[in-house]
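J.: Dropping a prediction and its sequence here:
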Amino acid sequence: GAVVSQHPSRVICKSGTSVKIECRSLDFQATTMFWYRQFPKQSLMLMATSNEGSKATYEQGVEKDKFLINHASLTLSTLTVTSAHPEDSSFYICSARATQIGTPAGYTFGSGTRLTVV
Amino acid sequence: DAKTTQPPSMDCAEGRAANLPCNHSTISGNEYVYWYRQIHSQGPQYIIHGLKNNETNEMASLIITEDRKSSTLILPHATLRDTAVYYCIVRVDSWGKLQFGAGTQVVVTP
């Protein structure tokens, strides 16, 4: 089945630094990927929609200059948390939907990245 | 996309069937019912989806009422590994975004 690989799984960074999270579709092409954030004991909150070759679309309240998204190819999207602060500590998850016929109808999710800003 | 309502939690005995309800009374004719689950500290996992007819796969069965205003996800023989948060999502099957509600925390006990 369709697999999405997300790296790193865990990262600890100092306040003020930037962190890049990668999301790769391993066996299918994804023109659209989605980025979510999840705080403890809460549901997933959609942050942005990443479209290959174009600018990402951000949900209301999400700072586009702080959460930089790049979707340079049909298999890779990256999320960069810039000038991270402790309140950015969260679980970040990406998802993708395949474009080819015969792939699963549902969205495939990465395994998530636990970001801790100290 | 239509709003869904799920119970916040439910317990299930190992080996028994788990029946997870979901209400979606405002669903429109072209909206599908999707089910995902999230095991602690992992990404969500696709389970099943349907439009009008009941569906079954290797993981679960999906029963949709005739008026489509509610559905039930059935895990036929729950195991401890089925402990997770289960999300029922209603949406049009397009390239659009997937929004998650609060879900149902299912705890399977020995």
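T.: Arrived safely, thanks for sending.
J.: For the rest of this, base every contact and every neighbour count on C-alpha atoms.
T.: Will do.
J.: ok now do the residue nearest the centre of chain B, which residues does it touch?
T.: In chain B, the residue lying closest to the centroid (CA atoms, centre = their mean) is residue B:35, at 3.6 Å. Applying CA atoms under 8 Å, 6 or more residues apart in numbering or on different chains to residue B:35 gives the contacts B:46, B:47, B:48, B:49, B:73, B:86, B:87, B:88, B:89.
J.: how about a cut-off of 6 Å?
T.: B:47, B:48, B:87, B:88 (CA atoms under 6 Å, 6 or more residues apart in numbering or on different chains).
J.: ok, those vs residue B:10, which is closest?
T.: Using CA to CA, residue B:87 comes nearest to residue B:10 of these, at 13.0 Å.
J.: now the residue in chain B positioned nearest to chain A: how far from residue A:108?
T.: As assessed by CA to the nearest CA, chain A sits closest to residue B:43 within chain B, at 4.4 Å. Distance from residue B:43 to residue A:108, counting by CA to CA, to the nearest Å: 9 Å.
J.: contacting residues around the closest residue to chain B within chain A?
T.: Across chain A, the shortest distance to chain B (CA to the nearest CA) belongs to residue A:111, at 4.4 Å. Neighbouring residues of residue A:111 by CA under 6 Å, 6+ apart: B:42, B:43.
J.: from memory residue B:86 sits against residue B:107, does it?
T.: No: assessed by CA atoms under 6 Å, residue B:86 is found out of contact with residue B:107, at 10.6 Å.
J.: returning to what we had before: please identify which two of the contacts of residue B:35 are farthest apart in space.
T.: Distance extremes for the contacts of residue B:35: the farthest pair is B:48 and B:87 at 10.9 Å, using CA to CA.
J.: wait, does stretch B:6-22 contact chain A?
T.: No: using CA under 6 Å from any CA of the partner chain, stretch B:6-22 stays clear of chain A, coming no nearer than 11.7 Å.
J.: Now do the strands in chain B.
T.: B:9-13, B:18-23, B:31-38, B:45-50, B:55-56, B:61-64, B:70-75, B:84-92, B:104-109 (DSSP state E).
J.: which intervals of chain B have sub-threshold pLDDT?
T.: B:1-2, B:92-96 (pLDDT under 70).
J.: To what extent is residue B:73 buried, counted in neighbours?
T.: As a burial measure, residue B:73 scores 24 neighbours (other CA atoms under 10 Å in any protein chain shown).
J.: ok, back up a step: please identify which of residue B:48 and residue B:87 sits among more neighbours.
T.: residue B:87 (28 against 21).
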